[in-house]
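Peer 1: Here is the input, now give the coordinates:
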Amino acid sequence: MACRISELVLDCADPERLAAFWSEVLGYVELDRDVDGAIEIGPPGAGPSDGRPTLVLSPSGDPKAAKLPLHIDVSPTDRDQDAELERLLALGARPADVGQTGTESWHVLADPEGNAFCLLRSRVHPA
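Peer 2: Alright, predicted model coming up:
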């Protein structure tokens, strides 16, 4: 018997804003909304038993003291990296400096709450 990742939970100040941002970035839709304000997003039609992980944006009043020890990497599905970078910047992402040299094949960005994520060069097939 093994486990699988079913949800990634991101504590945030504004779940609405981040759910909207990450839904646009990933092509996800809202799947669930808890009374505590958490919003779960995932691939259209995703369910708890289909094996596709979802993202839960959970409200938190705790200030972020440092960068997250885990970050998300994304890859373009239907365009090249430069075009996807422009799309992500237009959605509200911004360049982030985490000490990269400038010779990397990926771009380091931050979401609207400053959480770093990377845009990789390799194009992948849509899920």
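Peer 1: where does the residue most central in space within the chain land in three-state SS?
Peer 2: Closest residue to the average C-alpha location of the chain: W22 at 5.0 Å, with Cα atoms, centre = their mean. Classification of W22 using DSSP: H, G, I helix; E, B strand; the rest coil returns helix.
Peer 1: what's the distance between it and C3?
Peer 2: Distance, W22 to C3, using Cβ to Cβ, to the nearest Å: 23 Å. In this view, the C-beta of every residue, glycine as well, is placed from N, C-alpha and C.
Peer 1: likewise L26?
Peer 2: According to Cβ to Cβ, L26 and C3 sit 23 Å apart.
Peer 1: The two: who's more crowded?
Peer 2: Shown here are L26 and C3; by other Cβ atoms under 10 Å, L26 has more neighbours (16 against 5).
Peer 1: In space, what's closest to that one - neighbours in sequence excluded?
Peer 2: In space, and not counting its chain neighbours, L26 is closest to V74: 7.2 Å by Cβ to Cβ, 6 or more residues apart in numbering.
Peer 1: do the same with N115
Peer 2: With Cβ to Cβ, 6+ apart, the residue lying closest to N115 is L68, at 5.9 Å.
Peer 1: Neighbours of the one you found, how many?
Peer 2: By other Cβ under 10 Å, 13 other residues sit near L68.
Peer 1: what separates it from L120, distance-wise?
Peer 2: Remark: distance between L68 and L120 (Cβ to Cβ) = 18 Å.
Peer 1: what's the distance between stretch 118-127 and the middle of its chain?
Peer 2: Chain-centre distance of stretch 118-127: 13 Å, with Cα atoms, centre = their mean, to the nearest Å.
Peer 1: Show me which residues of it are buried.
Peer 2: Under the neighbour-count criterion of 16 or more other Cβ atoms under 10 Å, stretch 118-127 has C118, L119, L120 buried.
Peer 1: Rounded mean pLDDT for it, please.
Peer 2: Averaged across stretch 118-127, pLDDT comes to 87.
Peer 1: For that stretch, give me every contacting residue.
Peer 2: Residues from elsewhere that reach stretch 118-127 (Cβ atoms under 8 Å, 6 or more residues apart in numbering): 27, 43, 52, 71-81, 84-85, 88, 105-109.
Peer 1: Fine by me, thanks again.
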